[in-house]
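> no sequence for this one, just the structure:
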């Protein structure tokens, strides 16, 4: 039976499985790797044993992002030979006793420090039990799956449930459940699958994996893919994805990057290919940024994602003046941008307009601007 998007049955299959294997092509692409890791972390969050035999270890480029801080370890060193060591526990405290063999010790012989240790997320070893569910990523034909079954140490038994996730229009819909979407990346299809399964199982590791996978498309195909994937990128960042995986770690404007992160987390489609985001004074405070960093935000929105139109509103609190709402509207249609500039007495520059909104309340200002755009 070839079910398309039977999420009721699919949830039953996923939650009823104990051991889940994720299959990709051998030596998978960055996109397939990100999608597989997102599934790995998400399914681990619901207590599943998960294995990705085609990815024996997390790629070095992103491995450090999946390290979780461990509890602090305290190191006490005594540069003398010890004859006895013991501790005494009292209510709310612990006393540690070190008894040196010799009496001639000084404070300089004793040192105390903390060790910054981390616990890394690791993939399971190849010695994995027989799966009772197989999730296949990016394999259009069952023949591809049969070739990949060498990683299972045996052919796939017919009674094992299989989920087929792919973005290829040539996929032959061979599995029990087929999640096939014409998205620009496999990571986007995987995100679609996880959102319908239960988006709450997508943690920061899973979201960062999706960004890692789909982020490669911004480099290879640029603005066209960024535009189509903007809602996906906004969603993954809301789920805790690391924005540096798109922008690069060495970004010159850290405050601007933090403000861009806040902007994307609040980004919502407003109809007619317009995306809107409202920043509060708290957003600027949390980002340790100012209105001067908005230039960086606007430039990155345009260069990375190229939305047809976007509206950015923020609270402005000048000294000795009433609070007001300021806005930036950008549109591919230069005449629309100029019209907004005329209506709200703004300053036009190319396809963008900086303007004071009519209302001090950003939500009301957004409605007023959208009404003006749609007239």
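Here it is on my side, so go on. These numbers were taken from a predicted model, which means no experiment stands behind them. Residues are numbered from 1 along each chain as shown.

> packing partners for the helix or strand residue 364 falls within?
Assessed by DSSP states H and E, residue 364 sits inside helix 362-374. When contacts are defined as 3 or more CB pairs under 8 Å, 6 or more residues apart in numbering; DSSP states H and E, helix 362-374 packs onto strand 274-279, strand 309-316, strand 324-331, helix 334-343. Any C-beta I mention is one placed from the backbone N, CA and C, and that applies to glycine too.

> what does that helix rub up against?
Identification of contacts with helix 362-374 by CB atoms under 8 Å, 6 or more residues apart in numbering yields 270-272, 274, 276, 278, 280, 309, 311, 313-315, 325, 327, 329, 336, 339-340, 343-344, 357-359.

> before we move on, back to that, can I get the helices and strands packed on helix 362-374 in JSON lines with distance to residue 104 and mean neighbour count?
Output for those, formatted as JSON lines (distance: least, CB to CB, whole Å; neighbours: other CB atoms under 10 Å):
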{"stretch": "strand 274-279", "distance to residue 104": "64", "mean neighbour count": "22"}
{"stretch": "strand 309-316", "distance to residue 104": "67", "mean neighbour count": "21"}
{"stretch": "strand 324-331", "distance to residue 104": "71", "mean neighbour count": "22"}
{"stretch": "helix 334-343", "distance to residue 104": "81", "mean neighbour count": "17"}
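
> so which of those gets nearest residue 15?
Residue 15 sits nearest to strand 274-279 of all these, at 34.6 Å, using CB to CB.

> so what does the very next helix or strand once past that closest one touch, helix or strand wise?
Scanning forward in sequence from strand 274-279 by DSSP H and E, the next helix or strand is helix 281-287. On a contact count with 3+ CB pairs under 8 Å, 6+ apart, helix 281-287 meets helix 254-265, strand 309-316.

> will you turn the ones you listed into TSV that also has distance to residue 188 and mean pLDDT?
Shown next, in TSV, are the helices and strands packed on helix 281-287 (distance: least, CB to CB, whole Å; pLDDT from 0 to 100):
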stretch	distance to residue 188	mean pLDDT
helix 254-265	16	93
strand 309-316	20	91
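
> hang on, residue 38 in a strand?
No. Secondary structure of residue 38 (DSSP: H, G, I helix; E, B strand; the rest coil): helix, not part of a strand.

> Nearest to residue 39, out of the helices and strands packed on helix 281-287?
helix 254-265 (23.1 Å).

> elements contacting whichever helix or strand comes after the closest one?
Counting by DSSP H and E, the next helix or strand C-terminal to helix 254-265 is strand 268-269. For strand 268-269, the packing partners by 3+ CB pairs under 8 Å, 6+ apart come out as strand 274-279.

> ok, now which ones touch residue 348?
Contact analysis of residue 348 by CB under 8 Å, 6+ apart lists 337-338, 341.

> residue ranges with poor pLDDT in the stretch 101-250 of the chain?
Along the stretch 101-250 of the chain, segments meeting pLDDT under 70 span 113-122, 124-127, 148-158, 219-227, 248-250.

> Would you state the strands of it in chain order?
110-115, 118-120, 133-137, 161-166, 177-180 (DSSP state E, counting those that start in this stretch).

> With distance to residue 97 and mean neighbour count added, can I get these in TSV?
Converted to TSV, the strands of the stretch 101-250 of the chain look like this (distance: least, CB to CB, whole Å; neighbours: other CB under 10 Å):
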stretch	distance to residue 97	mean neighbour count
strand 110-115	13	10
strand 118-120	30	11
strand 133-137	54	26
strand 161-166	58	22
strand 177-180	61	22
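
> possible to save the ones you listed as a markdown table with distance to residue 51?
Converted to a markdown table, these look like this (distance: least, CB to CB, whole Å):
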| stretch | distance to residue 51 |
| --- | --- |
| strand 110-115 | 32 |
| strand 118-120 | 17 |
| strand 133-137 | 10 |
| strand 161-166 | 15 |
| strand 177-180 | 19 |
